[in-house]
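Asker: Coordinates for the following, if possible.
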Amino acid sequence: MDPHLLRTYVTVARLASFSEAARVLGYTQSAVSQHIAALETDLGMPLLTRRPVAATPAGERLLEHAGSLLLRLDAARADLARFAAAPRGTLTLVASPLALHPRVLAALPATGVTLRTLPRDEVPAAVAVGAADLGLVDGLAAPSDPLRLPDVAPLTARAVAEEPLAVVLPAGHPLAGRPGLRLADLVDARWLDAPGAGFPLDRLRALHGGPAGHGFRAALRYEGTDARTLAALAAAGHGLVLLPRSAAAEAPGAVAVPLAAPRLVHRTELLHPGGGHPTHGEPVGPATELTRRLTTPRPPGR
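Answerer: Numbers count the residues shown, from 1 in each chain. Prediction:
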């Protein structure tokens, strides 16, 4: 299967237009039509209807594979390019919003850094395809357990930090005086839905283990990435939110009650290309020093 043809097919299916796909890809419309016809001939089945332009059932199934296939090819190209590239004096770091806790910010070099936030699911791919030198990704995990990351390419993940979780609620909330809260006790509460700045509600439902779609109903949806704004919304009574302890205590009028059960932590990991390759699996240039700063164990109490 020719990846050029596959990329053309994905673009046509996504835009539902041969002419728009030709414009985006820089081809003529005739070339796009020829690409689709060649791919359909190769696979022996129609992938698109023409009027309107839409994926056939076989085409829909191919789309399920295409994203990961093309990502793997882009990652392989980027990985090979690193062998020939000279070390740069600058550093590009991508991070999910909650991965940028104070220790990370303090470790950044004074100059030569480009920092970009991405949704946590997009961080591994950005590192894999060479859009960033390093990535910081966060998530919920059992203490000392690694995060479950998508298998997009050979990447090395190193633990950076683990910290307790807390439920943020207004100071006058009936549960504000509790020494700890169980997630099971909060199923019927009103929650803030903030997948970019917090944790998706479907993740909390899965952790609770109740029926699919049950509980943790959203009172307000926040589509930003600022955890301080999210904590302030919780303090103002717009819904509960689960945050790392360092982010939970930043809003005036909010109370952060430790999560007692299930036993989970907020874990941050550093990603870099290589997957442990013996000769090409370590960061280079400015990424080397930042990796050392972030992954060197800290003395107790610091």
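
Asker: buried stuff in stretch 15-31?
Answerer: 15, 17, 18, 20, 21, 22, 25, 27 (16 or more other CB atoms under 10 Å). Backbone N, C-alpha and C define where each C-beta goes, glycine included.

Asker: how about a markdown table for these, with distance to residue 191 and pLDDT added?
Answerer: Below are those laid out as a markdown table (distance: CB to CB, whole Å; pLDDT from 0 to 100):
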| residue | distance to residue 191 | pLDDT |
| --- | --- | --- |
| 15 | 35 | 96 |
| 17 | 39 | 96 |
| 18 | 44 | 96 |
| 20 | 39 | 96 |
| 21 | 40 | 95 |
| 22 | 45 | 95 |
| 25 | 42 | 95 |
| 27 | 47 | 95 |
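
Asker: Is it possible to get a markdown table of the residues you listed that adds secondary structure?
Answerer: Shown next, in a markdown table, are these (DSSP: H, G, I helix; E, B strand; the rest coil):
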| residue | secondary structure |
| --- | --- |
| 15 | helix |
| 17 | coil |
| 18 | helix |
| 20 | helix |
| 21 | helix |
| 22 | helix |
| 25 | helix |
| 27 | coil |
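
Asker: what about residue 201, how many neighbours?
Answerer: 20 (other CB atoms under 10 Å).

Asker: tell me the contacts of the residue lying closest to it once chain neighbours are set aside?
Answerer: Distances taken as CB to CB, 6 or more residues apart in numbering place residue 216 nearest to residue 201, at 4.7 Å, with adjacent residues excluded. Contacts for residue 216 (CB atoms under 8 Å, 6 or more residues apart in numbering) come out as 186, 187, 189, 191, 201, 204, 205, 208.

Asker: can you check residue 164 too?
Answerer: Contacts of residue 164 (CB under 8 Å, 6+ apart): 244, 245, 258, 259, 265, 266.

Asker: next one: residue 189
Answerer: Counted by CB under 8 Å, 6+ apart, residue 189 has contacts 216, 239, 240.

Asker: Report the separation between the second one and residue 183.
Answerer: Distance of residue 239 to residue 183, given as CB to CB, to the nearest Å: 15 Å.

Asker: Repeat that for the first one.
Answerer: Counting by CB to CB, the separation of residue 216 from residue 183 is 9 Å.

Asker: can you list residues touching both of those two?
Answerer: With CB under 8 Å, 6+ apart, residue 216 and residue 183 have common neighbours 204, 208.

Asker: which of the contacts of residue 216 has the most neighbours?
Answerer: Neighbour max across those (other CB under 10 Å) = residue 191, 23 neighbours.

Asker: Alpha carbons of the host helix or strand of it, as PDB, please.
Answerer: Residue 191 belongs to strand 190-193 when elements are defined using DSSP states H and E. What follows is strand 190-193, C-alpha atoms only, in PDB (Å, rounded to 0.1, in the frame of the first residue of the first chain):
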ATOM      1  CA  ARG A 190     -22.000  18.100  39.800                       C
ATOM      2  CA  TRP A 191     -18.600  18.200  38.100                       C
ATOM      3  CA  LEU A 192     -16.600  20.500  35.900                       C
ATOM      4  CA  ASP A 193     -15.900  19.000  32.500                       C
END
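
Asker: Tell me the helix or strand right after that strand.
Answerer: helix 201-208.

Asker: Could you identify the buried members of the contacts of residue 164?
Answerer: 244, 245, 259, 265, 266.

Asker: List the residues that contact the third one.
Answerer: Put plainly, it is residue 259. 164, 165, 166, 167, 180, 181, 182, 183, 242.

Asker: pLDDT and distance to residue 228 added to these, as a markdown table?
Answerer: As requested, the contacts of residue 259 are exported to a markdown table (pLDDT from 0 to 100; distance: CB to CB, whole Å):
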| residue | pLDDT | distance to residue 228 |
| --- | --- | --- |
| 164 | 96 | 18 |
| 165 | 97 | 17 |
| 166 | 96 | 14 |
| 167 | 96 | 17 |
| 180 | 97 | 24 |
| 181 | 97 | 21 |
| 182 | 96 | 26 |
| 183 | 94 | 23 |
| 242 | 96 | 15 |
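
Asker: What residues of the strand holding residue 191 count as buried?
Answerer: 191, 192, 193.

Asker: wouldn't residue 267 be in contact with residue 141 here?
Answerer: Yes - under the criterion of CB atoms under 8 Å, residue 267 makes contact with residue 141 at 4.5 Å.

Asker: Now list whatever residues contact both of these two.
Answerer: Common neighbours of residue 267 and residue 141 (CB under 8 Å, 6+ apart) are 147, 162.

Asker: Neighbour count for these two, which is higher?
Answerer: Neighbour count, other CB under 10 Å: between residue 267 and residue 141, residue 267 has more, with 23 against 17.

Asker: I'm done for today, thanks for sticking with me.
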